[in-house]
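Asker: Sequence first, then the predicted structure, then my questions.
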Amino acid sequence: MQPNTLLDALLDEAGVSHAGLATRVNRAGRARGLTLRYEHTAVARWLKGQRPRGQVPDLICEVLAARLDRQVTLDDIGLGVPGGPVQAPGSPLSGFVDRAAALWRSDEQQRPYVVSAPALTGTPAVIPVWEWENPPEDVDVSRTGRTAVSAADIAVLVAARSHYEQMYRKAGGVATRARIVGFLTAETAPLLRGAYGDVLGRELHRAAGGLVAVAGICAYDADAHGLAQRYFHQALRLAKASGDRGLGAYVIALLVNQSLFAGEYRQAVAFAEAALRSAGRRITPALAADLTAMQAKAYAHLGDRATALACIRRAEEAAERISPGEEPAETGYVQPGLVNVQIAEALLGLGD
């Protein structure tokens, strides 16, 4: 089950407690001739991802609509009809932005069901990568909103990414995570909900994607692997909206590293291959070296000696072409020393 951060965000906006929602739902049910006896524990289960039965989702919409004095739909509360249209990477970005902002807010408030959520496995873990690599693309990411986004706003996000990355390197992910998540909630979310044209919007989504990726790294460092994975998936979606395949490949490298940590070696190989294949000429020598070195480690764990050695050779060749001044900010972590360590671990896995 995935945590229902949208419902949690609306409850917070409406100022309704878990017990308060249960009471109001029971009351609304009586008006429809239903006998309901929900308590705060039921609401806690809904927030963890359990879907309420029968007419209860509609009753929740009714209760929150009355409280907020506006229409509230099933999609708004994260309880859209199963089998109905799903807002995937090819659909409008507004739904994604709302879901992303809800996750940031829940993380900022240290909601246990978000912070302790298990990592996705199997098909749900693969789908975001498949959707990044394949059509449809975002033809137009422009948006109308109350606040006009400017190039200066985007420059602030770019500077913030660099600031929080340096903070992470000096103080670690545990100390940095609360600060970067607070920035995402207070500064990044309003900009994504603002007004911008297609060109500026792509720059905005790229800058936001870089920030969200660092938030994922911080969550990973804090051993919140399910949360880190969700941040990486968000960053990948933002990368697709930006049109920057290189940024997407960088985010996939983070997922490859996480897959190796989890022992999902075949998944690590597949993800790295997707990044190398899809990014094409947009991939930099540093990122190519990192991805192929991690592939070598995965193949070594799988017992495929010949392919592991071939990946090691490609990683060494790519590492020789690294020119720090020509690499984007995100791949600055890839230094020859890191590649050498990755290769050494692969060789160790092969018994060499």
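Answerer: Okay, I see it.

Asker: what helices or strands is the helix or strand hosting residue 205 leaning on?
Answerer: Element membership of residue 205 [criterion: DSSP states H and E] is helix 198-221. Contacts defined by 3 or more Cβ pairs under 8 Å, 6 or more residues apart in numbering; DSSP states H and E place helix 198-221 against helix 93-108, helix 151-171, helix 173-183, helix 189-192, helix 225-242, helix 245-261. For glycine as for every other residue, the C-beta is placed from the backbone atoms N, C-alpha and C.

Asker: can you rerun that using 7 Å?
Answerer: helix 151-171, helix 173-183, helix 189-192, helix 225-242, helix 245-261 (3 or more Cβ pairs under 7 Å, 6 or more residues apart in numbering; DSSP states H and E).

Asker: Return the set of buried residues in that helix.
Answerer: 200-221 (16 or more other Cβ atoms under 10 Å).

Asker: Least reliable of the helices and strands packed on helix 198-221 by average pLDDT, please.
Answerer: Among the helices and strands packed on helix 198-221, helix 189-192 has the lowest mean pLDDT, at a mean of 92.

Asker: Please enumerate residues in contact with it?
Answerer: With contact meaning Cβ atoms under 7 Å, 6 or more residues apart in numbering, helix 189-192 is reached by 97, 101, 104, 147, 149, 153, 204, 208.

Asker: Sort out which of the residues you listed are buried, if you could.
Answerer: If we count by 16+ other Cβ under 10 Å, the contacts of helix 189-192 have these buried: 97, 101, 104, 149, 153, 204, 208.

Asker: so can I have a markdown table of the helices and strands packed on helix 198-221 showing distance to residue 115?
Answerer: Converted to a markdown table, these look like this (distance: least, Cβ to Cβ, whole Å):
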| stretch | distance to residue 115 |
| --- | --- |
| helix 151-171 | 18 |
| helix 173-183 | 10 |
| helix 189-192 | 19 |
| helix 225-242 | 6 |
| helix 245-261 | 17 |
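
Asker: of all these, which lies closest to residue 7?
Answerer: helix 225-242 (16.4 Å; Cβ to Cβ).

Asker: Determine the set of other helices and strands touching that closest one.
Answerer: Contact analysis of helix 225-242 by 3+ Cβ pairs under 7 Å, 6+ apart lists helix 93-108, helix 123-133, helix 198-221, helix 245-261 as its packing neighbours.

Asker: hmm, who's touching that helix?
Answerer: 89, 93, 96, 100, 103, 107, 114-115, 117-120, 128, 132, 138, 141, 202, 205-206, 208-209, 212-213, 215-216, 219-220, 247-248, 251-252, 254-255, 258.

Asker: what's near enough to touch the residue lying closest to residue 11 once chain neighbours are set aside?
Answerer: Distance criterion Cβ to Cβ, 6 or more residues apart in numbering; nearest residue to residue 11, sequence neighbours excluded, is residue 21 at 6.3 Å. Residues counted as contacts of residue 21 (Cβ under 7 Å, 6+ apart) are 11, 43, 63.

Asker: Where does the first one fall, secondary structure wise?
Answerer: Per DSSP H and E, residue 11 falls inside helix 5-14.

Asker: what angle separates whichever helix or strand comes after that helix from helix 5-14?
Answerer: Moving toward the C-terminus from helix 5-14, the next helix or strand (DSSP H and E) is helix 18-31. Angle, helix 18-31 to helix 5-14, by axes from the mean of the first three to the mean of the last three Cα atoms, to 10 degrees: 90 degrees.

Asker: Enumerate the positions of helix 18-31 that are buried.
Answerer: 18, 20, 21, 22, 23, 24, 25, 26, 28, 29.

Asker: and what of stretch 341-349?
Answerer: 342, 343, 345, 346, 347, 349.

Asker: Name the nearest residue to the third one, ignoring sequence neighbours.
Answerer: I take that to be residue 345. residue 297 (5.5 Å).

Asker: now that neighbour, what's its secondary structure?
Answerer: Using DSSP: H, G, I helix; E, B strand; the rest coil, the structure places residue 297 in helix.

Asker: ok, it - contacts?
Answerer: Applying Cβ under 7 Å, 6+ apart, the residues contacting residue 297 are 260, 342, 345, 346, 349.

Asker: Secondary structure element for the second one, which one?
Answerer: In other words, residue 342. Counting by DSSP H and E, residue 342 is part of helix 336-350.

Asker: roughly how far out does that helix sit from the chain middle?
Answerer: Offset of helix 336-350 from its chain centre (Cα atoms, centre = their mean, to the nearest Å): 28 Å.

Asker: same thing with stretch 202-217?
Answerer: With Cα atoms, centre = their mean, you get 9 Å for stretch 202-217.

Asker: So what touches it?
Answerer: By Cβ under 7 Å, 6+ apart, stretch 202-217 touches 141, 149, 154, 157-158, 160-161, 164-165, 168, 173, 177, 180-181, 184, 188, 191-192, 196, 228, 231-232, 234-235, 238-239, 241-244, 247, 251, 254, 330.
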